Each structure stands twice: as C-alpha cells, then as structure tokens.
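*Asks:* Just the structure for this:
(one chain, ligands or ions: 4)
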Amino acid sequence: MARSAATFLCVLFCLTPFASAQTNPDIYRAILDSIGLTASDIGFRPQGYWNRFPLDIPYRLTSFDDLFAEPWRLYDYSLTMANSVERYLNPQYLDSVSTALYSLTYSVGVDRKLGGFRSYGANLIDVEDTLRPLENALERLFLMGGTEPSYYAFGSKAEYPDYKSTLINIKPRLNARTQKILGRAIINLADIIRWRGLAFRRCNPEIMREVFKIRTLAKTQGDGTVYYPEIDDIAATVDYASLHYAALKAAALAEELADSLSPGAIPADMIFELETPFGKLAILGSDALVGERNYDCQNSLLIIDAGNDGIFAGGCGATSSLDNPVSIFIDLGGDDKYIVESNTPSQGTGILGIGLLFDQSGNDTYQAKDYAQGCGFFGVGTLFDMAGDDKYDAAESAQGAGYFGIGLCFDASGKDAYYLLGDGQGMGGIGGGVGILGDYSGDDSYKAEPYASVYDRSDYHSEHKINGSSAQGVGFGRRGDGSDGHSWAGGLGAIIDIYGNDHYHSGNWSLGCAYWFATGIAIDMHGDDFYESCYFTQGSGAHYCNGILIDEAGNDRHELFETAGAGLGFGWDFTNAFLINIGGNDSYRAKMISMGLAQIRSNAFLIDIGGDDKYMLGKDTPGLGEATPRDDYKRPGPLAPFYTYCNSLGCFIDIGGQDKYFTFDIQGQILGHSRAADNKFWLAPARNDSTYGAGNFGVGRDCDSGTIPEIEKWRKGN
Ligand SMILES: [Ca+2]
Ligand SMILES: [Ca+2]
Ligand SMILES: [Ca+2]
Ligand SMILES: [Ca+2]
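*Replies:* Residues are numbered from 1 along each chain as shown. Ligands and ions are numbered 1, 2, ... in the order given. Okay, here's the model as predicted:
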C-alpha cells in the first residue's frame, strides 16, 4: 500500500510534465489528501468537556487560541511582524518621519498584547504658549506631584521649589524654539505620567511595592516553583489600555524630541539638572561631560544627552522605583557606554510603568544585569538604537523580555552583538508577556549562554550541561499543574532580523519555541544564517503552544549540538511547530527526534522550498516526516479521552533542488537515510503498519516542483 501511494504521487507530481496547474501542484493539500484529512483538521480546539486538559489558563493572549486552532496562520502572524520591522526600522524611513518608534511599538508590541488601538496617532498635547512654555510645563508637573508652585513665609515668597531659580539661569541660553520643544516634552511627560497613574488606579500601592521588588521571575516561573499572589492581584486590577496609551505617547514623544532638537539647540557646555517629584530632569550639552564621562541616570524622568561620549550609570530610561514611574533617556550622538553594575532596572525597562532609552547614533555598549535593555513587567520597556555597531550584554530578563507587560529592543543598523544569560532576545513570558527583539540590518550575532559551566540555567534534557535559554523568539508560561495550580499562560516572544548574515547561538528552549499557552517566533528575512542550538529549539515546543522559525532566504545552517534533538520542526504534547526555510542551499543536523516529528498530538513541520539541501539525522531516531503513535489515540483513555478528539501530523516537505538525506551514528559513520530520499514520498507510520491512522500521520515529501499556497500567496509578484 505504501509503495503504491508513493508511486502514484510521484507520477502525479514529479515526473509528468503536465500543464501549469499540475506542474505546480499544491503539495500540502496533496499530503492531506493522501491521509484523508483537510486543512481544517489540523489544529487544536479544546472543548469544555476535555477533562484533565488544562482548560482554564488565565492571561492567554487573544491570538493564542486561534493560532493554536489554525496553525498555518502562524506564518501570516509572523510575517506581519517582520514586515512591520522591515517598514518602520528601515533607516531611510527613520530619517523621513518622527513616528517610526510609535508605529513599531504599536505593531509588534501593544497590538499583539491587547487589541483596541489602531495606530492613528499618539495625540501628543500641543503647547500654544510661546512666552513661558517651560515654566508652565514645569509648574504643571510639580503640581501633579503634589508640590505647590509657590510657597510663602513671613510675608514673602520662598526660594522654593527651586526649579524657578534653576530656570532663570538656563532660560537665556535656550532660544524660543528650544524652550517650546522642551515645554512640549514636559507637558507630554506629565500626560504620560497621568495615563500611567490611571493604569494602576485600582491597584493597591502596598501590593505594587511587593511586585516592584520581584527579580526572580527568570528562575522561578517555568515549573511553577514560586507563586507570587501579588502578581495575580495586580493583574486583576491593572488597566492595560491606559498603560499602553502611556507607552505609545512615550514612543512618539521620544522620537519627536530627538528629531526636533537641532544641533546647537542645546549649548555645548550646558548642564541643566532639576529634581522633580517624578525623578531627575537633565539636559547635557554635547561637551558637558568632557573629561568626566560618567553620569548617573538613576531615578531620572528625562535625560537628554546632546552628543557626549558618555558613560551612563543607573536607570537610563528605566523605572528606578514606584516614585519614578516614567523614565525617558534620549541620546543624540556619541559613542556611549551604558553600564550598570547593580541590579536596578535599566536601559529601557518599565516595571509598573514606562521606560525608554532612545539612542540616535554612535557605536554603543550596553552592559547591564537583570531587567534591562527592553524589558517590561506590568509595564512597557523599550531600548531603541538607530545606528552604529553596538554591543549588548545583560544577565536575565533583557533584550526584549515581557512579563505581564511588553519589552522591546530595536536596533536599526550596524553590526551588533547581543549576549545574555537567559530569558530574553524576544521572550514573551508569564501573563501574556510580549518580548520582541527587532534588528533591521547588519551581520549580527545573537547569543544566549548555552553552557551551564559558564552560568547555571541547566536543563535535564541535556544532562544539565546545557542551559534552558528561554531566548531568541520564545513564549514561556508558568506551568503550575505540577505545583500549586496557578497555571499562567505565557505570551508572545519574537526575534526578527531583516538583513545580514547572522549567527544565532543558544542552548535549549530557543529560536521559535514555546512552552505552556504561548507563542514563540524567530524570523530572519535575508542572508546566509547559522542557527546553532541544542534541544527544544528551531521551530519547536512543548505543552500547548506554538513555535515557528522562518528563514526567508540565503544558504543557511540549522545545527543542533550536544543532545541535539527535539528541534527543526518538533512538537511535544499539543504543540504546533514549524521550521520553514525558503531559498538557498541549506543544511540541517540533529541527533534525535527532529525534522517534522510530531509527538503527543502535535503538528510539526519542516518545510524547505528551493535549493540543494542536506539533511543529517541521527541513526535509528524518529524524524523527517513522522508521527509517533500512542495507544490512547485509537481508543479513549479511560480517565481522559481527549487524545482521541483531535489529529496530529508530522510533516516534512522539500520542494526543489537535489537533496541529500543521511544518518550518522556516534562513531561518525554516515549512511543514506533509510526512508527519506530525493524525489520520494513516504508515510511514517506506513500505511500497512498496525499503528497507522487514529488521526495520527507522519508524511514526508521531496519533489522537484510544487507550491504551498499558504506561503506562495505572500511571494512578491504573485
Ligand atoms: Ca548605536
Ligand atoms: Ca542581521
Ligand atoms: Ca537565511
Ligand atoms: Ca531542496
């Protein structure tokens, strides 16, 4: 039976030069036809009567259930994120508008967290007053903070608050336009603080203080080890729409401010500093830090650096405390070093508030500990770097990491190097967190420390030698089913790179991977890329989730090292997993259970379109278009029948090119693969196998031509 089916399809699709409709057949539907399924049979729609299935998981993103039900929409959902980065992070676009960061924050951040906004604009407040814009703005800010603008004693006006006397000194040195720009900035900062205040109006301040102190999420949540009830309490009372409105306004304000301050607007030697009720306000002329490069940015509301080669310590566009709920740092030039030794939130981090670091140019170094470089925890944290060859170095919860919030890390151009220990580089954590790392151009290096000997995040899947990275486009929830039952959905994590030859290096749980009601996306649009990781990685996931890695062009290498498995299109326990690689001559290597392998009712795809490719899979291991059968697929498990209610598909497709399929053993002996080969169709289990069917199918297809409409519809000129 298997042979006759293979022969039939091969004749139909590979050998016969039919008219165009037949020479370009729909390979995916042909595969579904061969197993008697239709496209709508693939995907998970849990029903209320699925006892023992974890049904009541709070904080699922709105996108989750529908992507879980319609896995091919993951491709569209990922591509629109990459298209947003391609449009808005393009340096030419950045030079032509002042709304790019607003659009980015909306399209890959706010809109993915909670629908409601439609990106029509941030509604920044205009300043009409041309006479006293700065004074009036500061007066409003101080009044909001509970400080009266004037105090009297013994019948005369006190020299307090001191902003008035400070202003008297700097006002003559700023022209009317600059005063108006700064006045507008401060008025809008006050408005952002107001919206952030509204976001938490129902939250208990004591509980907020407890939540602000939590720094252990990267270590305690995956297995549901520690339960923080205060997090549930804030989640029940936060108003995300107000919080996101504050974040959108901050994004719009920062870019507008950076673009409107022309060179010379700030006198080169100026140092203007003012403590406000919400943190420090500082304006540094371009030579203000000559000689002494260090500047402390802790507890700052707004810092503008007009072009120093600064060494900036402390918060730097990060919420330093609850009394510093909004923090924006704007750098207009210079090669800067942002260095934080302590564990304060830093460099674009919003905890229960809004943090934004905006760096317009220069080769910069970002060095921090935890909660840094684009991290949001009940807040929105953004690091935005427009140009230069930059170095990013952090510990955990960084470089695009969100927990019950949004963390965004964007770098437009230059050759950049990202390094962290774990939980970041596009990590959507607990509470429907959204974490995005977007990099437009340059040959970039992304590394999440793989080795437990360097830093211990060791994972039993790799004999505790390799770390669970939770990085590079991952979604991660709190699996409380083995502990206290507080099972929290993860969110959406994405790593998005448009141009360049890039290197991705990580341990386990990385690169388009997810865990527990979450979605992980890794998408790279151009270039010859090298993906190097270990286990549960590169289009993978476990336990009710969606993981997808998409590489749209170039000659790429997908290699797994050490235990080297559970990847390259692998799903475990109700997972939708995809590795889609389009164009180029690519190579794939794994030791075990990989490459279009579905286990425990998953849908797993490895799809390569175009190019002469090479597949290397360990000897005698399932994979390359296979679905592992289970007894409870055929007949209901006596206590939990839901495994019989749905289908599973392990699917391998290679269209075009001359491809080679090998197995290898521990001695390094390389042989041809026993089942997969160029221009071949196979089923695993085979049609004549006793385990065939029960809604569980493994299919492999290598052919010279054909399309997958879900992918093809996006091709330019189509
Ligand atoms: Ca830079
Ligand atoms: Ca790149
Ligand atoms: Ca590529
Ligand atoms: Ca091929």
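
*Asks:* For the residue in the stretch 601-718 of the chain positioned nearest to ligand 1, pull up the helix or strand it's in.
*Replies:* In the stretch 601-718 of the chain, the residue that lies nearest ligand 1 is Lys716 (31.0 Å; Cβ to the ion). In this view, the C-beta of every residue, glycine as well, is placed from N, C-alpha and C. Secondary structure assignment for Lys716, by DSSP states H and E: no helix or strand.

*Asks:* Would you mind measuring from it to ligand 4?
*Replies:* Distance from Lys716 to ligand 4, counting by Cβ to the ion, to the nearest Å: 21 Å.

*Asks:* quick one, longest strand in this structure?
*Replies:* In the chain, assigned by DSSP state E, the strand with the most residues is strand 557-567.

*Asks:* remind me which residues of the protein are low pLDDT?
*Replies:* The chain contains residues with pLDDT under 70 at 1-22, 717-718.

*Asks:* again, 90 this time
*Replies:* The chain contains residues with pLDDT under 90 at 1-24, 128-131, 147-171, 262-263, 291-292, 666, 668, 716-718.

*Asks:* interface residues of it facing ligand 4?
*Replies:* Proximity of the chain to ligand 4 is confined to Gly611, Asp613, Asp654, Gly657, Asp659 under the rule Cβ under 5 Å from the ion.

*Asks:* near ligand 1, which of the residues you listed show up?
*Replies:* Within these, nothing lies near ligand 1 by Cβ under 5 Å from the ion.

*Asks:* most neighbours, which of those residues?
*Replies:* Most neighbours among the residues of the chain next to ligand 4, by other Cβ atoms under 10 Å: Asp654, with 30 neighbours.

*Asks:* Pipe the residues of the chain next to ligand 4 into a markdown table and attach secondary structure per row.
*Replies:* Formatted as a markdown table, those follow (DSSP: H, G, I helix; E, B strand; the rest coil):
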| residue | secondary structure |
| --- | --- |
| Gly611 | coil |
| Asp613 | coil |
| Asp654 | strand |
| Gly657 | coil |
| Asp659 | coil |
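
*Asks:* if we can go back for a sec, for burial, what's the neighbour tally of the residue of the stretch 601-718 of the chain closest to ligand 1?
*Replies:* 4.

*Asks:* In CSV, could you pull the C-alpha coordinates for stretch 562-572?
*Replies:* Output in CSV follows, covering the C-alpha atoms of stretch 562-572 (Å, rounded to 0.1, in the frame of the first residue of the first chain):
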residue,chain,number,x,y,z
GLU,A,562,25.2,18.1,22.4
THR,A,563,22.0,16.1,23.0
ALA,A,564,20.9,17.7,19.7
GLY,A,565,17.2,17.0,19.4
ALA,A,566,13.6,18.0,19.8
GLY,A,567,14.1,20.6,17.1
LEU,A,568,13.9,21.6,13.4
GLY,A,569,10.1,21.2,13.4
PHE,A,570,9.3,19.2,16.5
GLY,A,571,6.2,19.2,18.7
TRP,A,572,5.6,17.6,22.1
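
*Asks:* And the residue of the stretch 1-150 of the chain that's closest to ligand 3?
*Replies:* Counting by Cβ to the ion, the stretch 1-150 of the chain gets nearest ligand 3 through Ala82, at 12.3 Å.

*Asks:* A strand includes that residue, no?
*Replies:* No - residue state for Ala82 (three-state DSSP) corresponds to helix; a strand is not indicated.

*Asks:* give me the element the closest residue to Ser602 other than its chain neighbours is part of.
*Replies:* Residue nearest to Ser602 in three dimensions, not counting chain neighbours: Gly571, with 2.7 Å by Cβ to Cβ, 6 or more residues apart in numbering. Assigned by DSSP H and E, Gly571 belongs to strand 570-572.

*Asks:* Now distance to ligand 2 too, for the residues of the chain next to ligand 4, in TSV please.
*Replies:* Supplementary listing: the residues of the chain next to ligand 4 in TSV, determined by distance: Cβ to the ion, whole Å:
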residue	distance to ligand 2
Gly611	20
Asp613	22
Asp654	26
Gly657	25
Asp659	27
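
*Asks:* quick one: which of those residues is nearest ligand 4?
*Replies:* Nearest member of these to ligand 4, counting by Cβ to the ion, is Gly657, at 3.3 Å.

*Asks:* The longest strand of the chain pairs with which strands?
*Replies:* If you go by DSSP bridges, strand 557-567 pairs up with strand 530-537 (parallel), strand 587-590 (parallel), strand 592-594 (parallel).

*Asks:* which residues are contacting that strand?
*Replies:* 461-463, 465-466, 529-540, 542, 568, 572, 579, 581, 586-594, 618, 621 (Cβ atoms under 8 Å, 6 or more residues apart in numbering).

*Asks:* Could I get the phi/psi values of the residue in the stretch 1-150 of the chain that ligand 1 sits nearest to?
*Replies:* Per Cβ to the ion, the residue of the stretch 1-150 of the chain with the smallest distance to ligand 1 is Pro91, at 11.8 Å. For Pro91, the backbone dihedrals (degrees, to the nearest 10) come out as phi -60, psi -30.

*Asks:* ok so, going back, give the full set of residues in contact with the residue of the stretch 601-718 of the chain closest to ligand 1.
*Replies:* Applying Cβ under 8 Å, 6+ apart, no residues contact Lys716.

*Asks:* Please tell me how far it sits from Asn83.
*Replies:* Counting by Cβ to Cβ, to the nearest Å, the separation of Lys716 from Asn83 is 12 Å.

*Asks:* Give the helix, strand or coil label for whichever residue of the stretch 451-600 of the chain sits closest to ligand 1.
*Replies:* Nearest residue of the stretch 451-600 of the chain to ligand 1 (Cβ to the ion) works out as Gly500 at 15.5 Å. Using three-state DSSP, the structure places Gly500 in coil.

*Asks:* Now it. Its backbone dihedrals?
*Replies:* phi 100, psi 170.

*Asks:* and Thr382, what element?
*Replies:* strand 380-385.

*Asks:* if we can go back for a sec, pretty sure the residue nearest to Ser602 contacts Met595?
*Replies:* No - using Cβ atoms under 8 Å, Gly571 is not in contact with Met595, being 11.8 Å away.

*Asks:* how near is Ser342 to Arg194?
*Replies:* Relative to Arg194, Ser342 is positioned 30 Å away (Cβ to Cβ).

*Asks:* Looking at those two, which one has more neighbours?
*Replies:* Between Ser342 and Arg194, counting by other Cβ under 10 Å, Arg194 is the more crowded of the two (16 against 10).

*Asks:* just to revisit the earlier point, what is the nearest of the residues of the chain next to ligand 4 to Lys447?
*Replies:* Set against Lys447, the nearest of these by Cβ to Cβ is Asp613 (25.7 Å).

*Asks:* Give the full set of residues in contact with the closest one.
*Replies:* Here Asp613 is in contact with Asn585, Asp586, Ser587, Tyr588, Asp654, Gly657, Asp659, Lys660 (Cβ under 8 Å, 6+ apart).

*Asks:* could you redo the last one with a cut-off of 6 Å?
*Replies:* Asp586, Asp659 (Cβ atoms under 6 Å, 6 or more residues apart in numbering).

*Asks:* repeat for Glu396
*Replies:* Ala218, Asp370, Leu421, Gly422, Asp423.

*Asks:* What about those, which are in strands?
*Replies:* Applying DSSP E to the contacts of Glu396, the entries found in strands are Gly422, Asp423.

*Asks:* which non-adjacent residue is nearest Asp620?
*Replies:* Thr663 (7.7 Å).

*Asks:* What separation do you get for the one you found and ligand 3?
*Replies:* Relative to ligand 3, and taking Cβ to the ion, Thr663 is found at 25 Å.

*Asks:* and whichever helix or strand that residue is part of, which strands flank it?
*Replies:* Secondary structure from DSSP H and E places Thr663 in strand 660-664. Sheet neighbours of strand 660-664, with direction, are listed as strand 614-618 (parallel), strand 670-672 (antiparallel) (DSSP bridges).
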